[in-house]
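In: The following block contains a protein sequence and its predicted model.
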Amino acid sequence: MTIFLAGLAGGCRRASEGTFGEAGLPVTESPPAGTVILTPESIAAGGIAVASSRMINVAGLVRALGEIEFDARRLAIVTARTEGRLERIGAYLGDPAAAGQILAEIFSQDYLALQAEVIQSSRQLERVRGDKDEPGALAMLGAARKKLIPLGLTDAEIDALVAEKSVRPFLPVRAAIAGVIIESNAIAGSHVASGASLFKIADPSILWACINIYEKDLAVIRPGMKAVLHTQAYRGEEFRGRLVLVGETMDAKTRTVEGRIEVPNPTRRLKPGMYIEASLETPEERRVLVVPESAVQEFQARTVVFVQAGPTSFVLRPVETGEHTGGIVEIAQGLKEGEKVVTSGSFLIKSEMLKKSLGD
């Protein structure tokens, strides 16, 4: 691939004496810093394409900073429903859990005693079937069954106990919801008290972004507004959600009100604790300069575009970007309307720019 970065050679040769670049153009002086000059053949081979920056109308925006949190409606703490000894642990920190899945088993004398009471009551009912004592026996069995329900047993499991008339040694500890285990205090062989926290489960498929809305922006903020989230972890990517709550109290120090954005998280890339910047779309429109998203590049820790300065020359231009949406990027500073920027083939220009900077 033929590329030339024009420059003076020795200072004693003149263009009139026959100094020419590879494109057949005379070379008289070095191009400005940050400029790359290519031959037409190089441009074609590198797949370089350009597009003009343009002004468009977009929805008004209110920006707010915040943090990702678990949706409190999708959290559950699994506790020991009776005193006993943890015999078996079936799930650990970070493991997925299905609703109703057995996470652990507890050996409990109270559980054994309650099962025995149900079995005894069922046998008594069988003995008095058809006589005057049947209603009383039936009531006793019902009362004994109800004592097992707070331990987490279902009616079907109690029916099976009555039918089999055989106690089960271990009480199952089940997941209350489907999700991921984010806390675990369960250790096999340890003694647990009734009500002790064993596991904490979270469903991360939907999260909350808790943001701080400034007092000056409250007049245009309403629940139901669309929101776009950006994170440091996934630069240039958007996560969309909806504002579901505007708080009732204002922080006296920061002069902000808490807002809550509900954010779908099907890929689980968003993590609670991440800092985010949220943009809330308001009814007011604003006019902004935009370029295709592919035009914005990172070069030596700067956000830049490559502007076409001539038919075969390209200039590096640092820019400040705004919103990313629908494949276009808002340019807040560094570019004028109508300037042509490179949208494909930037790798070639970046490579030559880097070679030039290293040579300089």
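Out: Right, received. Where do you want to start? Numbering: from 1, shown residues only.

In: With Arg63 as the reference, measure out to the residue nearest to the spatial centre of the chain.
Out: Nearest to the geometric centre of the chain sits Leu270, at 1.7 Å (C-alpha atoms, centre = their mean). Counting by C-beta to C-beta, to the nearest Å, the gap from Leu270 to Arg63 is 18 Å. No exception for glycine: its C-beta is placed from N, CA and C like everyone else's.

In: Repeat that for Arg240.
Out: In terms of C-beta to C-beta, Arg240 sits 15 Å off from Arg63.

In: what about the spatially closest residue to Gln120 that is not a sequence neighbour, which SS state?
Out: With sequence-adjacent residues excluded and distances taken as C-beta to C-beta, 6 or more residues apart in numbering, Gln120 is closest to Ala144, at 7.9 Å. Counting by DSSP: H, G, I helix; E, B strand; the rest coil, the backbone at Ala144 sits in helix.

In: do the one 4 residues further on as well
Out: Here Leu148 is recorded as helix under three-state DSSP.

In: Return the list of strands paired to the one helix or strand Gly60 maps to, each annotated with direction.
Out: Assigned by DSSP states H and E, Gly60 belongs to strand 54-70. Strand 54-70 sits in its sheet next to strand 206-214 (antiparallel), strand 275-292 (antiparallel), going by DSSP bridges.

In: before we move on, back to that, looking at Arg240 and Arg63, which has the bigger crowd around it?
Out: Arg63 (16 against 12; other C-beta atoms under 10 Å).

In: what residues are up against the more buried one?
Out: Neighbouring residues of Arg63 by C-beta atoms under 8 Å, 6 or more residues apart in numbering: Glu277, Ala278, Ser279, Leu280.

In: Would it be right to say that the residue nearest to the centre of the chain lies in a strand?
Out: No. Counting by three-state DSSP, Leu270 is not found in a strand; it is coil.

In: pretty sure it contacts Glu238?
Out: No. Contact criterion C-beta atoms under 8 Å: Leu270 and Glu238 do not qualify, at 11.7 Å.

In: anything in contact with each of these two?
Out: Leu229.

In: For the stretch 251-360 of the chain, which segments are assigned as strands?
Out: 256-264, 275-292, 297-299, 302-308, 313-318, 320-325, 328-333, 340-344 (DSSP state E, counting those that start in this stretch).

In: Output the ones you listed as a markdown table; include the columns mean neighbour count.
Out: Listed next are the strands of the stretch 251-360 of the chain as a markdown table, based on neighbours: other C-beta atoms under 10 Å:
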| stretch | mean neighbour count |
| --- | --- |
| strand 256-264 | 20 |
| strand 275-292 | 17 |
| strand 297-299 | 16 |
| strand 302-308 | 21 |
| strand 313-318 | 19 |
| strand 320-325 | 17 |
| strand 328-333 | 18 |
| strand 340-344 | 20 |
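
In: Pick out the shakiest of the ones you listed, pLDDT-wise.
Out: In terms of average pLDDT, strand 320-325 trails the rest of the strands of the stretch 251-360 of the chain, at a mean of 81.
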